[in-house]
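Asks: kindly return the folded structure for what I paste below:
(chains A, B, C and D)
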Protein chains: 2
Amino acid sequence: MNVIIAKTLPPKAAAAKALPSGVSMAEIGALVGDPARANMLTALMNGESLTASDLAWHAGVTPQTASGHLARMTEAELIKVTAQGRHRYYKLASPRVAQMLESIFLVASDQTMPRRRIPSYVDTVMRDARTCYDHLAGRLGVAVADALVQRRCVELDDEAAVLTRRGHRFFEGLGVDLEAIGRKRRCFCRVCVDLTERRPHLAGAVGAAFCTHCFEAGWIERVKDSRGVAVTRRGSAGLMEVLGIDIPATDLRRRVAA
Amino acid sequence: MNVIIAKTLPPKAAAAKALPSGVSMAEIGALVGDPARANMLTALMNGESLTASDLAWHAGVTPQTASGHLARMTEAELIKVTAQGRHRYYKLASPRVAQMLESIFLVASDQTMPRRRIPSYVDTVMRDARTCYDHLAGRLGVAVADALVQRRCVELDDEAAVLTRRGHRFFEGLGVDLEAIGRKRRCFCRVCVDLTERRPHLAGAVGAAFCTHCFEAGWIERVKDSRGVAVTRRGSAGLMEVLGIDIPATDLRRRVAA
DNA sequence: GGGACATTTCGGCCCGCACCGAAGGGTGAA
DNA sequence: TTCACCCTTCGGTGCGGGCCGAAATGTCCC
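Replies: Down below sits the predicted model:
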């Protein structure tokens, strides 16, 4: 042990002693770093629970392979499982995990944007409207955010947003229970940069509450096997009435025909 | 194209056609998923630029191995390189990347918290005060945030924060140029959950501006080979005077002795 | 009870890649 | 020019882990 040691002390040993360090971060990264697992997590990003078989299909692997992946992710507490009959339903363990995936997505989209891919039909639906774990995204999400800003219901910026007094009244008028989610007077929301639109939309508690409202009011419906959502006729009318935004009802005929 | 096809269409092919999907996310995850690279990224999380050799040391690998890692991460635009003489300085490519790493860290700390590790001296320094890419964290960061809230300079919640009018005056009194960073009247900041304290502290533009001010005023100094920062005597006095918080100057003697 | 189905465990194959030693540009100092 | 140093590329080794086939467990339904 000489002076040099202090500088050349094995970093790995040092890292092992340290708290949340590169190693633990690497474990999470490695879990997300496999295509099969990444596809599973992506499929779970809409906030729903899916069975092991569903996830195997999304990942494009056999059930036995998927089972191993799911066990590892459950062990690491990235996902949670609830047994129900002979099915086992998996979902993301927490909003924190969803937020992490979201941020990884965002970085990933930075590099993949340049090399253009052929937009598929699935992409079109996704671009129009989709859920981002618990809130709205895509053109719909951005349009809603824009309308809320224009009506002075929220003020927003690159990093965060705040619900104004007028915004409170607006959501209460819609029947959204702000007391349950919002603190005292002020109610903050997180801002989430939209992958496809490259513009901010509303996330956080308020974004989630509005999204829930849209589902409950029958304004939007989940599209099977996709993170995309379809805007119903009633939703199109409702959005126009409430926010003055013109979103045509999603044409599902091509989807249905398929 | 029949009905079955729509359901049993090879998911991998579908993913290839889709936009930012599991595959691109997996690429990023895989990069972060290696211990050596994760340690490098962790080392870069303080926002500084480091040479290839420094990073090799932090990763605990030989220079030639590190070189390969750095090339891959540069290629993926996770980091940026600037040649300077015979040195090559690497730094994180963007705040977005830093934010992603931060969120991965947060998830990673959730799982590693339960199994207690022996707190090393490095941990102690880190817990007291450190930088989180461009803003303050640790006990210092949380104390600053608390003091600002108590003085009604900011209002904050789990997701975001907003600088009040009084807060504007406070920072202007400190000589921080808010015009450069803040929009009109309102100025938002992102909130970052502290890894060690498990409580929110100030991030975003305002957090970064305050951190910069602390460095420029000589209140804090970087600790070599660590993300930790040391509070100077002047800093201790300054923080007491300005925010009324009692942070003793960091005792570096043990560090110097090493 | 028997058969279909969901899910898991086990065993073995094999590809990818992290690692290092050796060697080759490039830059700076003597 | 020569040496020292930083960083890179190349070649070969070894291990981890993702994959599937086969088979076991458990659940639902007839």
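Asks: run through the stretch 101-250 of chain A and note the low-pLDDT ranges.
Replies: A:111-122, A:180-186 (pLDDT under 70).
Asks: helices along chain A, start to end?
Replies: A:3-8, A:11-17, A:22-32, A:35-44, A:52-59, A:63-75, A:95-112, A:121-128, A:138-150, A:165-174, A:178-181, A:204-216, A:233-243, A:253-257 (DSSP state H).
Asks: would you turn the ones you listed into TSV with mean neighbour count and distance to chain B?
Replies: Glycine gets a C-beta too; all of them are placed from N, C-alpha and C. Converted to TSV, these look like this (neighbours: other Cβ atoms under 10 Å in any protein chain shown; distance: least, Cβ to the nearest Cβ, whole Å):
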stretch	mean neighbour count	distance to chain B
helix A:3-8	10	5
helix A:11-17	16	4
helix A:22-32	24	3
helix A:35-44	25	3
helix A:52-59	21	6
helix A:63-75	16	9
helix A:95-112	22	4
helix A:121-128	18	5
helix A:138-150	21	11
helix A:165-174	15	14
helix A:178-181	12	10
helix A:204-216	21	5
helix A:233-243	16	22
helix A:253-257	10	9
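Asks: nearest to A:Lys224 among those would be which one?
Replies: helix A:253-257 (8.5 Å; Cβ to Cβ).
Asks: quick one on the thing from earlier: out of the helices of chain A, nearest to B:Val125?
Replies: helix A:11-17 (12.7 Å).
Asks: need the residues of chain A near DNA strand D, please.
Replies: A:30, A:34-36, A:61-62, A:64-65, A:68-69, A:72, A:85-86 (Cβ under 7 Å from any atom of the strand).
Asks: circling back: quick one: the helices of chain A as TSV, columns for distance to DNA strand C too.
Replies: Listed next are these as TSV, based on distance: least, Cβ to the nearest atom of the strand, whole Å:
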stretch	distance to DNA strand C
helix A:3-8	13
helix A:11-17	9
helix A:22-32	9
helix A:35-44	10
helix A:52-59	3
helix A:63-75	3
helix A:95-112	16
helix A:121-128	23
helix A:138-150	29
helix A:165-174	37
helix A:178-181	32
helix A:204-216	24
helix A:233-243	32
helix A:253-257	23
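Asks: now distance to B:Met45 too, for these, in CSV please.
Replies: Output for the helices of chain A, formatted as CSV (distance: least, Cβ to Cβ, whole Å):
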stretch, distance to B:Met45
helix A:3-8, 21
helix A:11-17, 14
helix A:22-32, 10
helix A:35-44, 23
helix A:52-59, 31
helix A:63-75, 25
helix A:95-112, 14
helix A:121-128, 32
helix A:138-150, 30
helix A:165-174, 35
helix A:178-181, 32
helix A:204-216, 24
helix A:233-243, 40
helix A:253-257, 44
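Asks: rewinding a little: determine which two of the residues of chain A next to DNA strand D are furthest apart.
Replies: Those two in the residues of chain A next to DNA strand D that are separated most widely, counting by Cβ to Cβ, are A:Ala30 and A:Gly85, at 32.5 Å.
Asks: wait, A:Thr196 sits on A:Cys132?
Replies: No - between A:Thr196 and A:Cys132 there is no contact under Cβ atoms under 8 Å: 10.8 Å.
Asks: comparing these two, which residue is more hemmed in?
Replies: A:Cys132 (26 against 20; other Cβ atoms under 10 Å in any protein chain shown).
Asks: bridged to that one, which residues?
Replies: Counting by DSSP bridges, A:Cys132 is bridged to A:His135.
Asks: does it touch A:Met45 like I think?
Replies: Yes - A:Cys132 is in contact with A:Met45 according to Cβ under 8 Å; the separation is 7.0 Å.
Asks: give me the common contacts of the two.
Replies: A:Glu102, A:Arg227 (Cβ atoms under 8 Å, 6 or more residues apart in numbering or on different chains).
Asks: so what's the residue count around the one residue in the stretch 151-258 of chain A that gets nearest to DNA strand C?
Replies: Nearest residue of the stretch 151-258 of chain A to DNA strand C: A:Asp225, at 14.8 Å (Cβ to the nearest atom of the strand). Look at A:Asp225: counted by other Cβ under 10 Å, it has 17 neighbours.
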